[in-house]
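Enquirer: Let's see this in three dimensions:
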Amino acid sequence: MSAVEAAIARANAERGGALIGYLPVGFPTVAESIEAAVAMAENGVDVIELGLPYSDPVMDGPAIQKATQTALSNGFRLQDGFDAVREITSRVSAPVVLMSYWNPIMQYGVDRFADELKAAGGSGIITPDLVSDEAVDWIAASERTGLDRVFLAAPSSSDARLVRAVEASTGFVYAVSTMGITGARSDVDAAAKTLVARLREAGSTSACVGLGISTAEQVREVLTYADGAIVGSVFVSALSTGGVDAVAKTAASLATGTLA
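Expert: Predicted structure coming up:
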């Protein structure tokens, strides 16, 4: 069992489920993004998802797009991502996964990327624009290094594609709660519950729901049928307006939704 899968399983055994927190590394600075990630882990986040800034973030909503563009404008380099993972994992026990679009990984070199992430203490990669059918090189590199590979499943996915996503994923399957881009919503799409049920039928034992979750009540709702709730935009907004302290308070508030 990987560190990510173990953290999610432990959260489900001890509480209502897992809280996964997302922040873009490098925003507003590399140092502050590290402190914010540590604050999340110290206030109830079970798994840290660090987004690598990218110039064409097709899945990201306005808050995350603005943050990643700020990071890039400030000179973010891919090496900063590995350095951040190394620093965070030296300070907290929560596993750290990177979220990255596939092009930066491919340009850097799949094996080189995997080796450097592993050396930094990272646990895996979420690849939102890479489907398992086209991931031969990444699957081979993750098998060699022991890194988790998290593929996305959407409400529009066919049953056959859901089976392939479940079979190819390790750590967890990322269930996209609604069609569209990331961002806090007043209600988590009802399609998420149906999607998780379909993933269970496809054999998934660890399915986490993301996109649109912004309150403890929504976390609690999601955890009635999923293994984890993934929260992003609300953390980015907190960091933008209130700094690391606001991120810590947001994490602590959201974590109350994991209490059984």
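Enquirer: From now on I want contacts and neighbour counts done on CA atoms only, so please keep to that.
Expert: Fine.
Enquirer: Buried residues in whichever helix in the chain runs longest, which are they?
Expert: The helix that spans the most residues within the chain, counting by DSSP state H, is helix 233-255. Counting neighbours by 16 or more other CA atoms under 10 Å, one finds that the buried residues in helix 233-255 are 233-240, 243-244, 246-255.
Enquirer: same thing with stretch 98-111?
Expert: Those buried within stretch 98-111 under the rule 16+ other CA under 10 Å are 98-102, 104-105, 110-111.
Enquirer: so how far is that stretch from its chain's centroid?
Expert: 16 Å (CA atoms, centre = their mean, to the nearest Å).
Enquirer: How about G124, nearest residue that isn't a chain neighbour?
Expert: Using CA to CA, 6 or more residues apart in numbering and skipping residues adjacent in sequence, the residue nearest G124 is D148, 4.1 Å away.
Enquirer: show me what contacts that neighbour?
Expert: Under the criterion of CA atoms under 8 Å, 6 or more residues apart in numbering, the contact list for D148 reads 2, 4, 123-125, 142, 169-171.
Enquirer: Pipe these into JSON lines and attach neighbour count per row.
Expert: Written out in JSON lines, the entries for the contacts of D148 read as follows (neighbours: other CA atoms under 10 Å):
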{"residue": "S2", "neighbour count": "15"}
{"residue": "V4", "neighbour count": "23"}
{"residue": "S123", "neighbour count": "26"}
{"residue": "G124", "neighbour count": "27"}
{"residue": "I125", "neighbour count": "26"}
{"residue": "S142", "neighbour count": "20"}
{"residue": "S169", "neighbour count": "21"}
{"residue": "T170", "neighbour count": "23"}
{"residue": "G171", "neighbour count": "27"}
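Enquirer: Farthest pair within the buried residues of stretch 98-111?
Expert: M99 and D111 (16.5 Å; CA to CA).
Enquirer: ranges for the strands of the stretch 51-200 of the chain?
Expert: With DSSP state E, counting those that start in this stretch applied, the stretch 51-200 of the chain shows strands at 96-99, 124-126, 148-150, 152-153, 173-176, listed in chain order.
Enquirer: Just tell me which of the ones you listed ends up closest to T89.
Expert: For the strands of the stretch 51-200 of the chain, the distance to T89 is smallest for strand 96-99, at 7.1 Å, taking CA to CA.
Enquirer: just checking, what packs against the closest one?
Expert: Packed against strand 96-99 by the contact rule (3 or more CA pairs under 8 Å, 6 or more residues apart in numbering; DSSP states H and E) you find strand 47-51, helix 78-89, strand 124-126.
Enquirer: Mind doing that once more with 10 Å?
Expert: Applying 3 or more CA pairs under 10 Å, 6 or more residues apart in numbering; DSSP states H and E, one finds that strand 96-99 makes contact with helix 3-14, strand 18-24, strand 47-51, helix 78-89, helix 110-120, strand 124-126, strand 148-150.
Enquirer: Output these in TSV; the columns should cover distance to V219 and mean pLDDT.
Expert: Listed next are the helices and strands packed on strand 96-99 as TSV, based on distance: least, CA to CA, whole Å; pLDDT from 0 to 100:
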stretch	distance to V219	mean pLDDT
helix 3-14	13	98
strand 18-24	8	97
strand 47-51	14	97
helix 78-89	24	97
helix 110-120	29	98
strand 124-126	20	98
strand 148-150	20	98
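Enquirer: Let me have these in TSV, adding distance to L199 as columns.
Expert: Shown next, in TSV, are these (distance: least, CA to CA, whole Å):
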stretch	distance to L199
helix 3-14	16
strand 18-24	17
strand 47-51	21
helix 78-89	30
helix 110-120	27
strand 124-126	17
strand 148-150	14
